[in-house]
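**Student:** Structure for this input, please:
(chains A, B and C)
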Amino acid sequence: MSLTSSRPRVARAASRPSSAGRLQAWLPRLVLAPSVAISLFFVYGFMLWTFILSLTNSRLLPSYEFVGFGQYARLMANERWWVASTNLMIFGGLFVLICLALGAFLAILLDQRIRQEGALRTIYLYPMALSFIVTGVVWKWLLNPGLGIQAMVRSWGFESFTFDWLVNPDMAVYTLVIAAVWQASGFVMALFLAGLRGIDDSIIKAAQLDGASLPRIYLRVVVPCLRPVVFSAVMILAHIAIKSFDLVVALTGGGPGYASDLPATFMYAHAFTRAQIGLGSASAMLMLGGVLAILIPYLYSELRGRKHG
Amino acid sequence: MTFFPSFKTSGRRSGKARRTSTCLASAVALAMGAGSASAGDVEVLHWWTSGGEARAANVLKELLEAEGHGWEDFAVAGGGGETAMTVLKSRAMSGNPPSAAQIKGPEIQEWGELGLLGDLDAVAEEGGWDDLLPETVAEVMRHDGHYVAVPANVHRVNWLWANPDVLEDAGVEMPTTLDELFSAAEAIREAGYVPLAHGGQAWQDATVFETVLLASAGSDFYQRALVDLDTEALGSEQMIEALETFKRLREIMDDGMSGRDWNIATSMVIEGEAGMQLMGDWAKGEFTAAGLTAGEDYLCAAAPGTADAFTFNIDSLAMFRVTDEAELEAQRTLARLVLEPTFQEAFNLAKGSIPARPDLDMSEFDSCAQQSMKDFQRTAEEGGLVPSMAHGMAVRADIQGAMFDVVTNFFNDRDMAASDAAQRMVNAAQAAL
Amino acid sequence: MDNVIRRRTPAARLWRVALYAVLVVAALFYLLPLVVMVITSVKPLDEISAGSLLSLPMNPTLAPWTKAWGEACTGMRCEGVGGYFINSIAIVVPAVLISTLIGALNGYALTKWRFKGSELLFALMLFGCFIPFQVVLLPMAQTLGWLGISSSRAGLILVHVVFGIAFTTLFFRNFYVAIPTELVSAAKLDGAGFFRIFWRILLPVSAPIIVVSVIWQFTQIWNDFLFGVAFSAHDTQPVTVALNNLVNTSTGVREYNVDMAAAMIAALPTLLVYVLAGKYFVRGLTAGSVKG
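**Tutor:** Numbers count the residues shown, from 1 in each chain, chains lettered A, B, ... in the order given. Modelled structure (predicted):
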């Protein structure tokens, strides 16, 4: 093929694979398109819709009579909203941290060549399979001072033992933490355990040869390797924390009073029970805003870090 | 022991057999072309799920089926109908509401304003509802002058229930004033029982609160404060006093009340763990289900200090607009049947309330219900008949919710002052205007 | 293994004892609610009100289980939770399969066919994990109405697929990221197409992550209550809704044993899946992310 004569042919020849190539190049996008469209419509479209509703005075069902940012002002003046937001910070923070710490702790212990490891792992993991619709009643019993742990310990002879967090407005939110940690920490443990097993033994051996102590090895060598596991765990835990709704409904019903309310239950109560869809939508938007503010920097740093790493 | 399941099964089988036979009957009627009306199905969304209620609703179902229509039972339990309301909104949003739903009080007006409810005037005219129903009741059922809902009953909220054995053991009588309530409670506690059974849920807190307010400040004040939302009344000394009395009740309840369902609290009275309970007359359904007799095995009386008042709570079925001719026919039949004596009597006997139509013979009812009917008619004439705030009969859901927040928070917060709570009520009322 | 002679100092032995003690105590903490449930579900009612939570049943009975399965009443229907299993299965199976398939294709396209902006699209989709479901109830109801599938199983399947693909995509993406790209590049040079590469190269090694996706979605959808109650009609309610109705319904004395038995029944499928496949679940979940 001489250069001069082949020019048009090259163009034609190139055009054929390029049309197939173009299809190939577009196929991934085509495959992704439905999911992206679904996200755009069902997640972002609904968020937009919720935002629009938050600017209206919708009550029983959506209406489109706009009142500006009035609902947000009402929300700011609503004491219960502040209780709910504070609770989410306490609950979310403690829940994620305790799950990570407990999960890592148990994983490290299980990693010490334990007999019956499989059975123990299953026991730690199973709560994740259950929903609080299922376990809510039992937790309510266990935490109820008259029926549960307090009564049990007292019947063993410790008459002054007190564990009444469920009925104590200042402590009720911590009962949510207990039950949620029970549900999810085993899962985090399993994630960490699998992560530990994935680490190359030779690194640890090398560190041991260098005379590093066991805690030091874990802290300096192992934990950094687990960063992606922590990422997965945080994503899943944050998802659970933000969506905790069944848990509150089943365990405390937001009570005593509204001391253990969370934004999810606040939003639900106002939008559905109290015919204040406008106010409920405003609370939903603030909730989403809060999630975004925390997650986006984290997602950004993790995804970027990983691409280069 | 082993006989139990087999008994149950046979019971069930006979139930099924009965259903088949009614199906057969309707099929025969259809085949013969005897029935002028075509058979339709009504889907009924309700939360009559606890023992007595479910049995009562079943009566309606059987009546409807006897007329050849089908009843599609859509029961959603939980949270005093909260879950059911969510489902209803979701169904309404999707343009597919059930044909009938348990909606009550001012909420009927809200659904009516959205133009979603069907018109029952034809049935009402035929049945002479205007004459049949007390005006107080009829008013709630109408939107814009048209009947859109049909009342199933009238509940009285201000009742006190008691276990006579416990009272006897403590050596006290049924209290008739708030002071007597507190002194009786003291005696009951000393005898080793929980004086007042209660469940720490917002609506139960509010139920007790409105009863205390009624007792300490009277029905006129109640009307001004909780129905008309008069801010002056809400912030007044009387309100503060009522709030303080309300909070004192906490001392005569037990620690485990948080989140307890009302019927669990009632069963504490039934079992003799607790002496008394302040609760609406649906509690009687639980006593009845336990096989107890009013006046002997359990006692009822108007809540202390409220003998001359009656807080009402009316259960009603609102009918959604439907286009299908057969469904419409079934819906109208349902509306007619709800007010018929057969259902009113059976339903209210099971549920503990009184019929929505005062012309019925009350001899089948127990002494509590007869008392209730008497008081209902008396207070309707002489005054003292007020809608229940805690049960969504007095104010719109958003204001009710704001009131609940104040009441339940005040009740559970050890440090909040009554004057502070009263001020918050004023704020809630103002925010709603 | 244990016959191998190990030289252990007393301190080390003490350390082992403490280790096991901690692990066993933790196991008790995790087991406590389940044990209470199981014990309660086989106790006759009078023993429940008499004894404490953990006392063993004197006369164990399976009557609560049979009652919960087929006889317990909610509203006026006395058919237990058994019948609602069919609804749940009819919703769960298609929803899990569809969302897993979509997630696999997405993960594949996002990792092996990167294009400008694909990471951004991934981040966009990922946010779907965090939208609280209460927020989407009403718009979803309206959408289902428009589509003409409100109150139907198809509607519920759609809802679960829509809000499940964010997670399935995350799983598959993290897994496929760790699979060497060289294989795919070589196949591309050989002229293999998009689906062919997926079918021949990616899918055969995807078993661990398929297990993860299926288990996760199965658990999530099976346990869902909010969508199940809001988007169902009287005849399409899933088993969690039936359970909630049962637990919140009571005649006179509350039958805790039946409640517990019903809860156990409703939870059995997911429990079984976790006990049998939990090992693969965890292995698969980290298979990608650790090395990535």
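
**Student:** Just want the residue of the stretch 101-250 of chain A that's nearest chain C.
**Tutor:** Of all residues in the stretch 101-250 of chain A, A:Ser131 sits closest to chain C, at 3.4 Å by CB to the nearest CB. For glycine as for every other residue, the C-beta is placed from the backbone atoms N, C-alpha and C.

**Student:** Was I right to think that residue contacts A:Ser244?
**Tutor:** No - using CB atoms under 8 Å, A:Ser131 is not in contact with A:Ser244, being 11.6 Å away.

**Student:** I'd like the distance between the residue of the stretch 101-250 of chain A closest to chain C and chain B.
**Tutor:** Applying CB to the nearest CB, to the nearest Å, the value for A:Ser131 to chain B is 15 Å.

**Student:** How many residues are close by that residue?
**Tutor:** 24 (other CB atoms under 10 Å in any protein chain shown).

**Student:** Now do the contacts for the residue positioned nearest the centre of chain C.
**Tutor:** The centroid of chain C falls nearest to C:Thr219 when counting by CA atoms, centre = their mean (1.2 Å). By CB atoms under 8 Å, 6 or more residues apart in numbering or on different chains, C:Thr219 lies in contact with A:128-129, C:270, C:273-274.

**Student:** Check for me that B:Ala301 belongs to a helix.
**Tutor:** No - according to DSSP: H, G, I helix; E, B strand; the rest coil, B:Ala301 belongs to no helix; its state is strand.

**Student:** That one: neighbour count?
**Tutor:** Using other CB under 10 Å, B:Ala301 has 19 other residues around it.

**Student:** next one: C:Ser185
**Tutor:** 12.

**Student:** Let me know the helix or strand that it is in.
**Tutor:** helix C:181-189 (DSSP states H and E).

**Student:** which other helices and strands contact that helix?
**Tutor:** Applying 3 or more CB pairs under 8 Å, 6 or more residues apart in numbering or on different chains; DSSP states H and E, we find helix C:181-189 packed against helix C:194-197.

**Student:** Just the buried positions in the very next helix or strand once past the helix it packs on, please.
**Tutor:** Counting by DSSP H and E, the next helix or strand C-terminal to helix C:194-197 is helix C:207-223. Judged by neighbour count using 16 or more other CB atoms under 10 Å in any protein chain shown, the buried positions of helix C:207-223 are C:208-223.

**Student:** wait, which of these is closest to chain A?
**Tutor:** If you rank the buried residues of helix C:207-223 by distance to chain A using CB to the nearest CB, C:Asn223 comes first, at 3.4 Å.

**Student:** Phi first, then psi, for the closest residue to that closest one other than its chain neighbours.
**Tutor:** Nearest non-adjacent residue to C:Asn223, counting by CB to CB, 6 or more residues apart in numbering or on different chains: A:Ser131, 3.4 Å away. When read as degrees, to the nearest 10, the backbone of A:Ser131 gives phi -100, psi 160.

**Student:** SS state for residue 39?
**Tutor:** Unless you meant another one, I'm taking chain A. helix.

**Student:** Which pLDDT value belongs to it?
**Tutor:** We have a pLDDT of 90 for A:Ser39.

**Student:** Next, the residue nearest to it when sequence neighbours are not counted: phi, psi?
**Tutor:** With sequence-adjacent residues excluded and distances taken as CB to CB, 6+ apart, A:Ser39 is closest to C:Met125, at 4.9 Å. With angles defined as degrees, to the nearest 10, C:Met125 sits at phi -70, psi -40.

**Student:** Which one of the contacts of C:Thr219 is nearest to chain B?
**Tutor:** Nearest to chain B out of the contacts of C:Thr219 is C:Thr270 (CB to the nearest CB; 21.6 Å).

**Student:** Contacts only, for that closest one.
**Tutor:** A:129-130, C:218-219, C:222-223.

**Student:** So is stretch A:142-156 next to chain B?
**Tutor:** Yes - using CB under 8 Å from any CB of the partner chain, stretch A:142-156 reaches chain B at A:144-147.

**Student:** Could you tell me the end-to-end distance of that stretch?
**Tutor:** End-to-end distance of stretch A:142-156 (CA to CA, to the nearest Å): 16 Å.

**Student:** Run through who's touching it.
**Tutor:** Counting by CB under 8 Å, 6+ apart, A:141, A:161-167, A:175, A:178-179, A:251, B:254-256, B:258, C:32-33, C:36, C:52-54 sit against stretch A:142-156.

**Student:** switch to 10 Å and redo it
**Tutor:** A:135, A:138-141, A:158-168, A:172, A:175, A:178-179, A:182, A:251-252, B:194, B:254-260, C:32-33, C:36, C:52-55 (CB atoms under 10 Å, 6 or more residues apart in numbering or on different chains).

**Student:** the domain parsing of chain A - what is it?
**Tutor:** A:1-54, A:73-308 (automatic domain parsing).

**Student:** and the longest one, how far out from the chain's middle?
**Tutor:** Remark: domain A:73-308 is offset 8 Å from the chain centroid, using CA atoms, centre = their mean, to the nearest Å.

**Student:** Output the lowest mean pLDDT helix or strand found in the chain.
**Tutor:** Answering for chain A, as no chain was given. Among the helices and strands of chain A, helix A:7-38 carries the lowest confidence by mean pLDDT, DSSP states H and E, at a mean of 68.

**Student:** My question was about chain C, not that one.
**Tutor:** None of the helices or strands of chain C scores lower by mean pLDDT, DSSP H and E than helix C:45-50, at a mean of 74.

**Student:** which parts of the stretch 1-150 of chain A sit against chain B?
**Tutor:** A:59-63, A:74, A:77-80, A:83, A:140, A:143-148, A:150 (CB under 10 Å from any CB of the partner chain).

**Student:** which stretches of the chain have low pLDDT?
**Tutor:** In the absence of a named chain, this looks at chain A. In the predicted model, chain A carries pLDDT under 70 at residues A:1-21, A:302-309.

**Student:** My question was about chain C, not that one.
**Tutor:** Counting by pLDDT under 70, the low-confidence segments of chain C come to C:1-8, C:49-51, C:74-77, C:249-254, C:285-292.

**Student:** most neighbours per residue, which of the domains of chain A?
**Tutor:** Highest mean neighbour count of the domains of chain A: domain A:73-308, a mean of 20 (counted as mean count of other CB atoms under 10 Å in any protein chain shown).
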